[in-house]
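Trainee: need coordinates for the below:
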Amino acid sequence: MILWGLETSRSQGETVGQILYYLGLRLRTDRASFDDRLEIIPREELGRPRMDVVIHMCGFFRDMYPNLVDNLNEMLQQILALDETDEENYFAANTRKLAQILMKEQGMDETRAWEMASCRIFGPKEGEYATRLTDVVKKGSWKAAEELGTGFTADLSYAYSYRHRGEAAASVLKHQYENVDYISQIRNTWNMNSPISIIIMSFMVDFPRRWKPEGRKR
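Mentor: Next comes the predicted model:
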């Protein structure tokens, strides 16, 4: 999921609502404060698995909606602690798998591995607001669509977890991409020549060759 600050405002939070739906979350209606209005939909009521979501946000979203970043991180930890099977909770299943990989391959201690494995929100480093793609596309200084994808992910590979903000986490993001089947961004307007449009179209064209979703947790 791709989150932009202005588009979130224009769509009245539709993209955030989409994320909540995938994760099996909803807004509470019996509280006055927004900060504690999210709750988990019980699996019996949900009637389907909780999906896994990787979120890319721009710097404007980060600064415009810091409460949403905190709320989502808090709810992700609650979802992780649910007594649900891998087939009922894809987010928890993928997090458990990645935590083991990070401990084994990168030597992270258990606390650190679980924090990074459960992180799903990535964006530019603190103080930055976008990617270099607009300038690259305008100058025509790229030869293949893969270069745009690499630049996009490099600029937005900083993790915003429940403990840290804007921490370089390219290797973690690479592992998270292994569970991605679809890219989604809600827009009021769409420009097929924009950098993000080119990246999405490149991903869609290359999708059948690179991704084999059979048997994977979504």
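Trainee: just confirm L23 contacts N73, I think it does.
Mentor: No - in this structure L23 lies outside contact range of N73 using CB atoms under 8 Å: 12.0 Å. Heads up, the C-betas are built off the backbone N, CA and C, glycines and all.
Trainee: which one's more surrounded, the two?
Mentor: When L23 is set against N73 and neighbours are counted by other CB atoms under 10 Å, the residue ahead is L23, at 24 against 17.
Trainee: who does the closest residue to the more buried one other than its chain neighbours bridge with?
Mentor: Across the structure, with CB to CB, 6 or more residues apart in numbering as the measure, the residue nearest L23 apart from its sequence neighbours is R50 (5.7 Å). When bridges are called by DSSP bridges, R50 pairs up with N89.
Trainee: tell me where the model's unsure across the protein.
Mentor: 30-36, 187-218 (pLDDT under 70).
Trainee: where exactly do the strands run in it?
Mentor: Taking DSSP state E to define them, one finds strands in the chain at 2-3, 25-27, 38-40, 55-57, 121-123, 158-160, 165-168.
Trainee: mean neighbour count and distance to Q78 added to the ones you listed, as a markdown table?
Mentor: Putting these into a markdown table (neighbours: other CB atoms under 10 Å; distance: least, CB to CB, whole Å) gives the following:
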| stretch | mean neighbour count | distance to Q78 |
| --- | --- | --- |
| strand 2-3 | 23 | 20 |
| strand 25-27 | 17 | 9 |
| strand 38-40 | 17 | 6 |
| strand 55-57 | 23 | 17 |
| strand 121-123 | 25 | 15 |
| strand 158-160 | 23 | 17 |
| strand 165-168 | 16 | 20 |
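Trainee: need those in TSV (columns: distance to K139).
Mentor: TSV is the format used below for the strands of the chain (distance: least, CB to CB, whole Å):
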stretch	distance to K139
strand 2-3	23
strand 25-27	42
strand 38-40	42
strand 55-57	23
strand 121-123	24
strand 158-160	24
strand 165-168	26
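Trainee: quick one, which of those is nearest to D86?
Mentor: For the strands of the chain, proximity to D86 was assessed by CB to CB; strand 38-40 is nearest, at 17.3 Å.
Trainee: coming back round to it: shared neighbours of L23 and N73, anything?
Mentor: Overlap of the contact sets of L23 and N73 (by CB atoms under 8 Å, 6 or more residues apart in numbering) is empty.
Trainee: can you get me a residue count around Y22?
Mentor: Y22 has 18 neighbours, counted by other CB under 10 Å.
Trainee: the closest residue to it other than its chain neighbours: how many residues sit nearby?
Mentor: Here the nearest residue to Y22 in space, its sequence neighbours aside, is M51; by CB to CB, 6+ apart that works out to 4.0 Å. Neighbourhood size, M51 [other CB under 10 Å]: 16.
Trainee: and the residue nearest to N73 when sequence neighbours are not counted, what does it touch?
Mentor: What sits nearest to N73 in space, not counting adjacent residues and going by CB to CB, 6+ apart, is Y162, at 4.0 Å. Contacts for Y162 were tallied using CB under 8 Å, 6+ apart; they are 70, 73-74, 76-77, 115, 118-119.
Trainee: closest to S157 out of those residues?
Mentor: Distances from S157 to the contacts of Y162, taken as CB to CB, are shortest for C119 (11.3 Å).
Trainee: which residues does that closest one contact?
Mentor: 73, 159-162, 169, 172.
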